[in-house]
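> here's my sequence, what's the structure:
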Amino acid sequence: MNEKIYRAIHKICDVIELIIAALVIIGLAFSLVYYLPHGVQVLFSSHDTTDFLLFMEDMFNLVVGIEFIKMLCKPSAGNVIEVLVFLVARHMIIGSNSALDIFLSVLSVALLYAVRYGLRVLKSRNIPQVKDDMLSDL
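Numbering: from 1, shown residues only. Here you go, the predicted structure:
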């Protein structure tokens with residue numbers, strides 16, 4: 001019974017993620033339609049992009065929340081790493097960052113994927129110290 005509920009929640013989260021992706025595409029299209037007529041002028045002037053950044057921040061918050069729900073329904077190393085990657089990506093895209101912040105964010109994403117790869121290798125070698133339920137989603 002619990003497994004059915006978890007699967008249903010997971011499917012609902014997947015559908016919501018698709019809706020959010022469609023909304024982001026629509027938001028990008030509206031931004032493109034706004035900036036396209038201005039042409040080269042956009043490159044040399046400082047247009048106010050706060051509305052678009054607020055929209056993107058809201059979408060990222062929703063995606064991180066959905067990934068967190070998925071992680072709670074099926075806790076595994078893969079789901080935890082996925083949530084952390086979304087959090088770092090959100091920080092990198094939405095935040096006002098220095099070059100060092102961006103470099104550290106990229107480095108942390110690379111490190112997260114390296115850890116995920118390492119865990120996947122451990123799982124494939126059937127090392128007894130590694131629990132299968134922890135690695136089930138890799």
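> could you use CA atoms for every contact and neighbour count after this?
Noted.
> how many neighbours does M56 have?
If you count neighbours by other Cα atoms under 10 Å, M56 ends up with 19.
> how much space between it and Y34?
In this structure, M56 lies at 16 Å from Y34, with Cα to Cα, to the nearest Å as the measure.
> for R90, same thing?
According to Cα to Cα, R90 and Y34 sit 24 Å apart.
> pick out whichever of those two has more residues nearby.
Higher neighbour count among R90 and Y34: R90, with 19 against 11, using other Cα under 10 Å.
> pLDDT of the host helix or strand of the more buried one, averaged?
Counting by DSSP states H and E, the element that carries R90 is helix 77-94. For helix 77-94, mean pLDDT rounds to 84.
> how about stretch 64-73?
pLDDT averaged over stretch 64-73 gives 83.
> buried sites along stretch 90-102?
Going by neighbour count (16 or more other Cα atoms under 10 Å), the buried part of stretch 90-102 is R90, H91, M92, I102.
> what do you get for stretch 20-29?
Using 16+ other Cα under 10 Å as the test for burial, stretch 20-29 gives I20, V24.
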